[in-house]
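> compute the structure for the input listed below.
(one chain, ligands or ions: 2)
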Amino acid sequence: MTETQPVTVIVIPQPTVNGPLHIGHLSGPYLAGDIAARAARARGERVLTLAGIDVDPNYVLTKAESLDTDVADMVTGYRRQIESAFELAGIGYDVFLDPQDVDYQQAVRGLLRELVESGRVPMEDVTLHRCSDCGRTLHHSYVVGKCPICGTGANGTSCEGCGGFTSAQILLDPSCARCGGSPEPMPVTVPVLRLEDYRDRLVTEWLRADWPTRVRSVLRQYWDAPLPTIPLAYPTNWGIECDGPLEGMRVDFPSELGFSYLYGPARALRPDAATLAERVAAWDEVHGVWHFNGMDNTFYFAVLYPAILAAAGVTNPTALGATVNELYLLEGSKFSTSRNHALWADEYLSSEDPELVRLFLSWDRPDRYETDFTDAAFRAFCEYARPLLDATTPVSGGLPGPLATAELERAEQALHLSGFDPALAIRGLLAALSAGVGVDAPSYLALTGRAPRESTGDGH
Ligand SMILES: [Zn+2]
Ligand SMILES: [Zn+2]
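Numbers count the residues shown, from 1 in each chain. Ligands and ions are numbered 1, 2, ... in the order given. Predicted coordinates:
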């Protein structure tokens, strides 16, 4: 690795602190992002991994209110559990995006203020909506309705059915999710990102990047339909408070995430950067961004975040691609926090061998289709895999030796970002181990998390 080699930014999404992580979450973007980053480093590539937590969606306040508990105490507890899960699972990062850090908050509010003051982001008269009964600004968890594209029930963030953008302004039959009240118009003057103004740049990004088929089908909708205009901040009761000309507003949380991906690389590559221009300059070293995320966030990682980077002045297209996942079931039904139908990651990793948990979740990864975690399968996997991991000689009935090199090669190739397939990698690796080779293979170290990591930032 050389300092002149361009950096690939890998984004492990920031979990919202409205609950702990369960192993369904781990099986999706979290472990996958870590494995991909470790494998890329082992190939000598320069990567910068961003991880963190998300405190500013109003889902957090909604959760605390529904539990009738103090929101700060709740955030502290869930944060501790999430960080513990990261630690136990061996999920590493170079920059931890921390909305409770004053430097992060000042950076986000400063970036938006500079964008408005420089005229890169216009102020516009728009009509948002508030609840006519409880007065809440209807955004994100405060509003429910039906997706205007596919008709699935959705809140004011995105549609789990089709992955499209939703908001109080476009949902069909919207109502207040907190009290059931009707929306009433709320005229405001707020900073907006007119995504339609960035269509040419976005089309370049969409054509250049390596997207899974399901992501392409969401983008196909936006190819023909007008792109929405996104209010970047507005008056409400949760989120990072703005200052200067935006006093009285709070930053929209998905927009904050977009700003966090502008802030993160500079934090590692130009630690002294304090202005918009200095943070944008860090992108001279960046080759592009690869997101690990759930399908329902497609609009954000493929449309909004690249547009925010473009608006900030990052001149080159930034989207390299994404790795998405489907749902992971638990013993045949959806993980559910409210029904306590979950295996909490921090508790599970404390009571089981984290290496086998990592390997099994890769083996059973819900990527091409929904898969189902069962305790019986996990136990059978442990019994099968543990002796192979410990083997130093071929096991009886294992793979014929001459085939082992090809299996290992396939495992290594399956961990490239393009075509990333850890389920294939673990199968190839286990086969090679059964032939008595592979314990020093980069794929072994990446999948188990055993590799000693080189840090390029302030992570562990
Ligand atoms: Zn209401
Ligand atoms: Zn939909």
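
> wait, is Ile426 part of a helix?
Yes. Counting by DSSP: H, G, I helix; E, B strand; the rest coil, Ile426 is found in a helix.

> so whichever residue of the stretch 201-350 of the chain sits closest to ligand 1, which of the three states?
For the stretch 201-350 of the chain, the residue closest to ligand 1 is Asn237, as judged by Cβ to the ion, at 12.1 Å. C-beta here means a position set from N, CA and C on the backbone, and glycine is covered the same way. Secondary structure assignment for Asn237 (three-state DSSP): coil.

> for it, which residues are in contact?
Asn58, Leu61, Arg136, Thr137, Arg250 (Cβ atoms under 8 Å, 6 or more residues apart in numbering).

> okay, and the closest residue to Tyr198 other than its chain neighbours sits in which element?
In this structure, Tyr198 finds its nearest non-sequential neighbour in Ala307, 4.5 Å apart by Cβ to Cβ, 6 or more residues apart in numbering. Using DSSP states H and E, the element containing Ala307 is helix 305-312.

> and that helix, average pLDDT?
Per-region confidence: helix 305-312 scores 98 on mean pLDDT.

> got the CA coordinates for that helix in CSV?
These are the backbone C-alpha positions of helix 305-312, laid out as CSV (Å, rounded to 0.1, in the frame of the first residue of the first chain):
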residue,chain,number,x,y,z
TYR,A,305,-25.6,11.1,-0.6
PRO,A,306,-23.9,11.4,-4.0
ALA,A,307,-25.9,14.6,-4.6
ILE,A,308,-24.8,16.1,-1.2
LEU,A,309,-21.2,15.4,-2.1
ALA,A,310,-21.7,17.0,-5.5
ALA,A,311,-23.4,20.1,-4.0
ALA,A,312,-20.5,20.4,-1.5
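
> next SSE after it?
strand 319-325.

> run through who's touching that following strand.
8, 27-29, 32-33, 36, 205-206, 208-212, 214-215, 287-295, 298, 301-302, 306, 365-367, 417-418, 420.

> Pro235 and Thr298, how far apart?
Using Cβ to Cβ, to the nearest Å, Pro235 is found at 28 Å from Thr298.

> my bad, Ala89
For Ala89 relative to Thr298 (Cβ to Cβ), the value is 25 Å.

> more neighbours, those two?
The neighbour count for Ala89 versus Thr298, taken as other Cβ atoms under 10 Å, is higher for Thr298 (28 against 24).

> so can I have a markdown table of the contacts of Asn237 showing pLDDT, secondary structure and distance to Gly52?
Putting these into a markdown table (pLDDT from 0 to 100; DSSP: H, G, I helix; E, B strand; the rest coil; distance: Cβ to Cβ, whole Å) gives the following:
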| residue | pLDDT | secondary structure | distance to Gly52 |
| --- | --- | --- | --- |
| Asn58 | 97 | coil | 18 |
| Leu61 | 98 | helix | 19 |
| Arg136 | 97 | coil | 27 |
| Thr137 | 97 | strand | 25 |
| Arg250 | 98 | strand | 19 |
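
> element containing Val9?
strand 7-11.

> quick check: next helix or strand after that strand?
Next element after strand 7-11 (DSSP H and E): helix 23-25.

> any idea of the mean pLDDT in the regular element (helix or strand) spanning Arg109?
Taking DSSP H and E as the criterion, Arg109 maps to helix 102-117. Average pLDDT, helix 102-117: 98.

> next: stretch 374-394.
94.

> may I see the buried residues of that stretch?
Using 16 or more other Cβ atoms under 10 Å as the burial criterion, the residues of stretch 374-394 that qualify are Phe378, Phe381, Cys382, Ala385, Leu388, Leu389, Ala391, Pro394.
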